[in-house]
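Peer 1: I'd like to go over a predicted model; first the sequence, then the structure.
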Amino acid sequence: MSSDWFHLLNVLGVAFFAISGTLAGYDKEVDGIGVTVLASVTALGGGTLRDILLNQPVFWIEDPDYLYSTYLAILITVLLIRHFSRISAQYFLIVDAVGLGLFNIVGIEKALIEGTSMVVAVTMGVTTGVFGSLIRDVICREIPLVMRGELYATACIAGGVAYAVFLYLSVPYLWCILGSLATTGGIRLAAVYFDWKPKLYKTPD
Amino acid sequence: MSSDWFHLLNVLGVAFFAISGTLAGYDKEVDGIGVTVLASVTALGGGTLRDILLNQPVFWIEDPDYLYSTYLAILITVLLIRHFSRISAQYFLIVDAVGLGLFNIVGIEKALIEGTSMVVAVTMGVTTGVFGSLIRDVICREIPLVMRGELYATACIAGGVAYAVFLYLSVPYLWCILGSLATTGGIRLAAVYFDWKPKLYKTPD
Amino acid sequence: MSSDWFHLLNVLGVAFFAISGTLAGYDKEVDGIGVTVLASVTALGGGTLRDILLNQPVFWIEDPDYLYSTYLAILITVLLIRHFSRISAQYFLIVDAVGLGLFNIVGIEKALIEGTSMVVAVTMGVTTGVFGSLIRDVICREIPLVMRGELYATACIAGGVAYAVFLYLSVPYLWCILGSLATTGGIRLAAVYFDWKPKLYKTPD
């Protein structure tokens, strides 16, 4: 993938997740700094963990654009929330699903560039996609959403497998990306729309 | 330690902790992905933190064997749990104690190879041993087991001190390893068997 | 800043935060190991995250002095608590405010030495200052203090901005440091003394 595309996808994903993190942070018992911390962790946490695990320079330290984009997205979201009494939950979910697909792809790409095997790359995609919101939920003392009955990580895995299959079938590069994005985002949105929920088990039966 | 031995100990420790993490995850209000996340964090979390702190390549990214071993151990454990109505808590504790001893040794060894001082190496052993389950408990919103009245970290410290003493006394290498393992695992199991509990203090008196 | 000064500030900050972490840990339902883990995380957590993010060797692994200083500060604090029935909460807050100012400066300095932009450096200062206690609170299952109505991160940001402004105005180096320290510590103590609290929002209005 050209470096420009890569950069754009990553900046978009960060902005989308910062918006979704701000909206989520607004429900908690925190102050303005707290919302900023929660939104930043959501937006930057997954990618930061990915870069640390891959022993790469952390993306938002190398390139302050990501930090500006995060802070700007938070500011705009906070201003919009204050003006419009309630932003529809649907927008939140769509923004979140697109961000998830973007982060998944970026994680897989970065791992493959570092020469990891495909199973590690798919694991990196899931990590990039879900760890931001997992850490956010842990900070807010909630059982992470990604771990209870939301097809969140599953959507990432499916998107990763789709990418690997398309690559194996020699599908043109752009379509590998778009196919994976559509798979991840589509499964996530379908899960919300049709209310697909995996079974929770507390005790085996 | 020969690199093969090192590898085997580490793979064994990871598999043991993945089993123990899966058994622990089964008690929580999570779905299949949640159990996988909790078990992976238990199995890989301590070692990952150790490698990041030592500025070394993360072990399971360099060598996908660890990831296969984790996922396989989780799968087998889940299948076994479904077939046998209830796996005895005793097996869980033994598996966990052996894993703890192995992780402790591997952490100390890796730190010493990097040329750290002994106090840092023992701290690394404890980190490798306890941080996986500490993070798992934090994700599940529980006060970490290792911090309240279980001789868990204490067993690691004792194993680390035993190792340092044996090394100082020029005991043959293999016996340093076995002695440390026996100390850590033995104290942990004895603590459970004899119900040794350190005093919790909420307020000093 | 001369390397000796840098080292001294960092050792002082670590010891101060270890004391404040021990005092905080004493209120929780944990054993001796638990207090040690909580105090160590408070003292070393923020700086560790900073070094990992900056892709630098972690400070307490390179130089075991920090570990000795942490363990010693914990030990002395535990002994003092046992002898004096109750250490005044005021001392705790002063110790904590000074530690906060020191960590903030050290974080900014380390980032600037690595050649980051000022916005990343100020973010690093806040990270160094607040992440230790944020992680401590998360481990103890509390909504982090820094995120609800305490001018904690805000004091760091103000100290960082003060530093940047002084540097821009070509104020002599030592005064940049002292000015930033006074700003951070002063705002933090004033917030406690005058009971300044930012508004918490659960829902926008």
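Peer 2: Good, I have the coordinates. Keep in mind that this is a model prediction, so the values were computed, not measured. Residues are numbered from 1 along each chain as shown, chains lettered A, B, ... in the order given.

Peer 1: Extract the C-alpha trace of stretch A:5-17 and format it as PDB.
Peer 2: C-alpha atoms of stretch A:5-17 as PDB (Å, rounded to 0.1, in the frame of the first residue of the first chain):
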ATOM      1  CA  TRP A   5      -2.900   5.800   1.600                       C
ATOM      2  CA  PHE A   6      -1.600   4.200   4.700                       C
ATOM      3  CA  HIS A   7      -1.300   7.500   6.400                       C
ATOM      4  CA  LEU A   8      -4.800   8.700   5.400                       C
ATOM      5  CA  LEU A   9      -6.500   5.400   6.500                       C
ATOM      6  CA  ASN A  10      -4.700   5.700   9.900                       C
ATOM      7  CA  VAL A  11      -5.600   9.400  10.400                       C
ATOM      8  CA  LEU A  12      -9.300   8.700   9.500                       C
ATOM      9  CA  GLY A  13      -9.400   5.700  11.800                       C
ATOM     10  CA  VAL A  14      -8.000   7.700  14.700                       C
ATOM     11  CA  ALA A  15     -10.400  10.600  14.100                       C
ATOM     12  CA  PHE A  16     -13.400   8.100  13.900                       C
ATOM     13  CA  PHE A  17     -12.400   6.400  17.100                       C
END
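
Peer 1: Show me what the mean pLDDT comes to for that stretch.
Peer 2: In this model, stretch A:5-17 has a mean pLDDT of 81.

Peer 1: excluding its backbone neighbours, what's nearest the residue in chain A that chain C sits nearest to?
Peer 2: Of all residues in chain A, A:Gly34 sits closest to chain C, at 3.2 Å by C-beta to the nearest C-beta. C-beta coordinates here come from the backbone N, C-alpha and C atoms, glycine included. Excluding the flanking residues, the one nearest A:Gly34 by C-beta to C-beta, 6 or more residues apart in numbering or on different chains is C:Met147, at 3.2 Å.

Peer 1: Surely that neighbour is in contact with A:Thr36?
Peer 2: No. Look at C:Met147 against A:Thr36 with C-beta atoms under 8 Å: they stay out of range, at 9.1 Å.

Peer 1: between the two, which one's more packed in?
Peer 2: Higher neighbour count among C:Met147 and A:Thr36: C:Met147, with 27 against 24, using other C-beta atoms under 10 Å in any protein chain shown.

Peer 1: What is the neighbour count of A:Ala164?
Peer 2: Applying other C-beta under 10 Å, we find 18 residues neighbouring A:Ala164.

Peer 1: Shouldn't it be within a helix?
Peer 2: Yes. The assignment for A:Ala164 is a helix, going by DSSP: H, G, I helix; E, B strand; the rest coil.

Peer 1: Wasn't A:Asp195 part of a helix?
Peer 2: No. Using three-state DSSP, the assignment for A:Asp195 is coil, not a helix.

Peer 1: list the contacts for it?
Peer 2: With contacts defined as C-beta atoms under 8 Å, 6 or more residues apart in numbering or on different chains, A:Asp195 has no neighbours.

Peer 1: A:Ile105 now?
Peer 2: Counted by C-beta under 8 Å, 6+ apart, A:Ile105 has contacts A:Leu9, A:Gly125, A:Gly159, A:Tyr163, A:Ile177, A:Ser180, A:Leu181, A:Thr184.

Peer 1: pLDDT wise, what is whichever residue of chain A sits closest to chain B at?
Peer 2: Nearest to chain B, among the residues of chain A, is A:Met147, at 3.2 Å (C-beta to the nearest C-beta). pLDDT, A:Met147: 71.

Peer 1: Please look at it and B:Ser40 and confirm they touch.
Peer 2: No. Judged on C-beta under 8 Å, A:Met147 makes no contact with B:Ser40 at a distance of 11.6 Å.

Peer 1: any low-confidence regions in chain A?
Peer 2: A:1-3, A:84-90, A:148-150, A:197-205 (pLDDT under 70).

Peer 1: CA atoms only for stretch A:106-124 - export them in CSV, please.
Peer 2: Written as CSV, here are the backbone C-alpha positions of stretch A:106-124 (Å, rounded to 0.1, in the frame of the first residue of the first chain):
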residue,chain,number,x,y,z
VAL,A,106,-3.8,-0.9,9.3
GLY,A,107,-2.8,-3.4,12.0
ILE,A,108,-2.6,-6.3,9.6
GLU,A,109,-0.6,-4.3,7.1
LYS,A,110,1.9,-3.0,9.7
ALA,A,111,2.5,-6.5,11.0
LEU,A,112,3.0,-8.0,7.5
ILE,A,113,5.4,-5.2,6.6
GLU,A,114,7.4,-6.3,9.7
GLY,A,115,7.5,-9.8,8.2
THR,A,116,5.3,-11.6,10.8
SER,A,117,3.4,-14.7,9.9
MET,A,118,-0.3,-14.3,8.9
VAL,A,119,-1.6,-15.6,12.3
VAL,A,120,0.4,-12.9,14.1
ALA,A,121,-0.8,-10.3,11.6
VAL,A,122,-4.5,-11.2,12.1
THR,A,123,-3.9,-11.1,15.9
MET,A,124,-2.4,-7.6,15.4
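
Peer 1: So is it next to chain B?
Peer 2: Yes. Shown here: stretch A:106-124 in contact with chain B (C-beta under 8 Å from any C-beta of the partner chain) through A:Thr116, A:Ser117, A:Val119, A:Val120, A:Thr123.

Peer 1: Count the residues that sit near the closest residue to A:Trp196 other than its chain neighbours.
Peer 2: Leaving aside its sequence neighbours, A:Trp196 sits nearest to A:Leu151 (C-beta to C-beta, 6+ apart; 5.9 Å). If you count neighbours by other C-beta under 10 Å, A:Leu151 ends up with 21.
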